[in-house]
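S.K.: this is a predicted model, with the sequence first.
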Amino acid sequence: MTKHKTEKPSIGMVLSTVPKYSETFFRNKIKGLQEAGFCVVLFVDYVHADAADFACKVVAGKNFNVGFFKALWYSFLAISKSLFVHPKRSYRLYALNKKDGMSLKKNIRSIILNQFFFNEQVDWLHFGFGMLAVTRENVAAAMDAKMAVSFRGYDLYLSPLKHPGCYDVLFTKAVKYHVLSQEMQQELQDYKIACNKIQVITPAIDTHFFTASKRNQYGNVLQLATVARLHWKKGFVYTLEALALLKKKGIAFHYTIIGDGEERERLVFAAQQLGILEHITFTGKLLQTEIKKQLEQTAIYVQYSIQEGFCNAVLEAQSLGLLCVVSNAEGLAENVLDTKTGWVVPKREPEALAKKIEAVFSLPDEEKQKIKTNAITRVQNTFGLQQQHKAFVRFYGLNKEI
Amino acid sequence: MKDQLKIAVYSGDIPSTTFIERLIQGLSHTGNRIYLFGFIKKKTRYPALVSVFGYKNTRVHKALHYIKYSFLLFCFKNKEKQKLDGILKAQSKNLLLDKVKSYPVLWHKPDVFHVQWAKGLADWVWVQEFGIKLVLSLRGAHINYSPIADQALASSYREHFPKVDAFHAVSKAIGVEAEKYGAATEKIHVVYSGLPQGKAHVEKQKTKTVLQMISVGRAHWKKGYTYALDACKILKAQGVKFHYTIVGGTNDIEFAYQLHDLHLEKEVSLIDNLPYAKVQALMQQADLLVLPSVEEGIANVVLEAMQNKTLVLSTNCGGMDEVIADGVNGFMVPIRNAKAIATKIVEIVAIPEVEKEAIRKKAVRTINTQHSEEQMVNQMLAVYQSLYHDKA
């Protein structure tokens, strides 16, 4: 990239809203890009109250769900802008949409809703999630910018089942894709996306914060934990079924579930029916420092997900020196290398999970230590924030070192 | 005992669910007056003895409803109005809405106020202060799992259940569950759901080469469809030829992903909710109705399938074992066990047609003897009337 629209190469990141303080991935990414000399503009559909101190310029679209007359006024303003302020970009968007077979009504709607992008000059327009690019497939081209799209597990694997054909138009465009794992790269290639258009950049964690302590002393009870939203895709019900099998075998355990979500009632009831409720603690959502403290009391970290892009929590657990048992859901088998840095069990098989946990629990201490050391070394060397920042710089076509 | 009772059947919504509506219709033919209070979702025609005192969910309708009953109470029952205002003020989170809901009940003062859903009980305990008998139905999730996950709800049940005049339990099992929250055993009356009788029973065709299985119900985790789908994976691996339809299973991403994940797209169809008649037709065409639930009171869909002479495979959840005896009038497997479901299906496929027909006939007999609408209405009426024995 030699010629830029602004003094510095500029990236327009597209998200639903400004990442909250706890959403470290995008905050870290934006910080890393700024440190690497990029100018970052954040485009969002709406802003919440605590977004004022965000580190880069934030451009928010208008909220059209505010009553008929206000929406009409916003539409009038957007159409006026498209005619008198950004006629070229607006026409280009209209023409490209039309070429894709978009109806006139949808096309006008697209021009109105996407007008807020056109005030900015960016070299790249990068959609943070696949679904954010749907119906906006031509916005980058209209702005004369390159287009990038990041896919996470949910929007690559689940959104097309919920909205069949949702990426049909997107996949015909000149887009550079960012995915979290080789598995996701393969999934995209199955959609006939050329390999050279896809770059795998795994998630990263703050390895300085998640450093193994020597406080991992447990009693006779096997301490297990998972950090995740209480969502069906995290496979908690299968995990609980595996734990019920462990209980039948007389293995004393305690399982801590850190996280909150819509499935709490389902899980509490499952634990109760399986006769293991007394061995489970639902902590709810915790702060990062509290999570770390909790994990330091844990022997085995379990992530028996049904669907998973990559999973930061597993990286954090490995970095803290926990033994990790995970499912083979999508990116997890790349996150944990089976029998080297942890153990990978086929998903939806609680009996296999129970057997694996039991086997890991009974390993000699030297064997456990070897796996822990491997995991810590690999995470520290491969999944640090600095490595991720460098990978994103390469993604945008710069070889500049941070 | 009173000759004619004024019975309020309260579910919050007008019309309510199929089985509550069936109870309302049945009671209305017993010569008693039936009162319906709450939010009118849809205009519904009821028999002459049913009176609807509901409101539409708009500000204007609610305001008019409130003004009308405030005025009536102020003019003719002001002392009682003041007493109710005091009670509501002490307990209410949304005083105005509670007044909109409660004033008509105080004005019309039924003899019995029958609350259908336990979670709403706390809002209606006040009726006893005005001489109205309080009856509570014990149904499904409200008793079986919500209070396990929600401690505040459990303590609310412990506070209010001892005050209730009578409980209607949809199964013996749910009655036992309610006792954990202080429901007195002698106040619990088991009244099973009833179906209208006299349906022409279709002759079932012999099982086809491809086993046709069906489940009917909303896409909710308690229906246990994930276990049925895991069982389908086992069946497919064993080479069993089957097709499984989940009516009401569309738009659920968990099931859609499981199908995709287990490569069951050809063997399983997730279809939308259908009108009652179409569901009955589909059920009649199926060889086997599967109820893989982890929680139920007694599933009405199972009763309907048995009446339709469709074989039923149910999990042993809630009160299902009060309807089905394994191998006698249907089949039963433990909850949360995909392997058991698959194994039982293989066994069912191998049963000779003569034996299957005998099981179907016994299923119909069970429905006729234990789940008739007439029985349900008479037993419910007996519960209401028993509350007035002392007064007689």
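M.R.: Cool, the structure landed.
S.K.: near chain B, which residues of the stretch 301-402 of chain A?
M.R.: Counting by CB under 8 Å from any CB of the partner chain, the stretch 301-402 of chain A comes close to chain B at A:306-307, A:347-348. Heads up, the C-betas are built off the backbone N, CA and C, glycines and all.
S.K.: what parts of the stretch 201-350 of chain B come near chain A?
M.R.: With the criterion set to CB under 8 Å from any CB, the stretch 201-350 of chain B comes near chain A through B:221-222, B:226, B:230, B:251, B:253-254, B:256-258, B:260-262, B:294-295, B:335-336.
S.K.: name the residues of the stretch 51-200 of chain A found near chain B, please.
M.R.: Proximity of the stretch 51-200 of chain A to chain B, by CB under 8 Å from any CB, involves residues A:157-158, A:161-162.
S.K.: mind doing that once more with 6 Å?
M.R.: Proximity of the stretch 51-200 of chain A to chain B is confined to A:158, A:161-162 under the rule CB under 6 Å from any CB of the partner chain.
S.K.: how is chain A carved up into domains?
M.R.: A:10-60+A:120-204+A:385-395, A:222-381 (automatic domain parsing).
S.K.: the last one: end-to-end distance?
M.R.: To tie it back to what came earlier, the one meant is domain A:222-381. 29 Å (CA to CA, to the nearest Å).
S.K.: how far away from the center of its chain is it?
M.R.: Centre-to-centre, domain A:222-381 and its host chain are 19 Å apart (CA atoms, centre = their mean, to the nearest Å).
S.K.: repeat that for the first one.
M.R.: Between the centre of domain A:10-60+A:120-204+A:385-395 and the centre of its host chain there is 10 Å, according to CA atoms, centre = their mean.
S.K.: likewise stretch A:55-62?
M.R.: 21 Å.
S.K.: do stretch B:350-359 as well
M.R.: Taking the mean of its C-alpha atoms, stretch B:350-359 sits 31 Å from the chain's own mean (CA atoms, centre = their mean).
S.K.: out of the residues of the stretch 201-350 of chain B next to chain A, list just those in helices.
M.R.: Of the positions in these, B:226, B:230, B:253-254, B:256-258, B:260-261 sit in helices, assigned by DSSP state H.
S.K.: circling back to that earlier point, what subset of the residues of the stretch 201-350 of chain B next to chain A is buried?
M.R.: Neighbour counting with 16 or more other CB atoms under 10 Å in any protein chain shown marks B:221-222, B:226, B:230, B:253-254, B:256-258, B:261-262, B:294-295, B:335-336 as buried within those.
S.K.: between those residues, which is closest to A:G61?
M.R.: Set against A:G61, the nearest of these by CB to CB is B:I253 (26.4 Å).
S.K.: can you get me a residue count around the closest residue to that closest one other than its chain neighbours?
M.R.: Leaving out its chain neighbours, the residue that sits closest to B:I253 by CB to CB, 6 or more residues apart in numbering or on different chains is A:K162, at 5.1 Å. Neighbour count of A:K162, defined by other CB atoms under 10 Å in any protein chain shown: 15.
S.K.: do I have it right that A:K162 meets B:E254?
M.R.: No: taking contacts as CB atoms under 6 Å, A:K162 lies outside contact range of B:E254: 10.6 Å.
S.K.: how about low-confidence regions in the stretch 201-350 of chain B?
M.R.: Within the stretch 201-350 of chain B, the stretches with pLDDT under 70 are B:201-208.
S.K.: on that earlier part again, between the domains of chain A, which one is nearest to B:L381?
M.R.: domain A:222-381 (34.2 Å).
S.K.: follow-up on the earlier one: how close does the residue nearest to B:I253 get to B:D150?
M.R.: Distance of A:K162 to B:D150, given as CB to CB, to the nearest Å: 29 Å.
S.K.: ditto for B:I67
M.R.: 36 Å.
S.K.: so between the two, which is more surrounded?
M.R.: The neighbour count for B:I67 versus B:D150, taken as other CB under 10 Å, is higher for B:D150 (16 against 11).
S.K.: nothing else from me, thank you.
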